[in-house]
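Colleague: model the structure of this input:
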Amino acid sequence: MTEQERAQRAIDPIEADVTAVIEACGGDARTAIRVLLVEQLIQEERIERLAAALSFGYVRGRIGVTAEQFTAKR
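Modeller: Below you'll find the predicted structure:
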């Protein structure tokens, strides 16, 4: 890595993260995208499970669920 590349990475940490993900996937951008999409799906499912575990009284509808929907899920 050249000095210019190091300087650019210091300026833009997101770019450094993108490069790290692609390098972790052997330089294959398509595999890197697939890995990130799978990770996003896992995180969305985790959020749904956590939201379902909260009592309606605790969140008081802040997560976009009405009392009727909350009781119907259980």
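
Colleague: tell me which residues of stretch 35-47 come out buried.
Modeller: For stretch 35-47, burial by neighbour count (16 or more other C-beta atoms under 10 Å) applies to no residue. (Glycine included, C-beta is placed from N, CA and C.)

Colleague: so for it, mean pLDDT?
Modeller: Across stretch 35-47, the average pLDDT comes to 95.

Colleague: name the surrounding residues that touch it.
Modeller: For stretch 35-47, contacts defined as C-beta atoms under 8 Å, 6 or more residues apart in numbering pick out Val21, Cys25.

Colleague: and the helices in this structure, which stretches?
Modeller: 3-11, 13-24, 29-53, 56-59, 67-73 (DSSP state H).

Colleague: lowest-confidence stretch among those?
Modeller: Looking at those, the lowest mean pLDDT belongs to helix 67-73 (a mean of 57).
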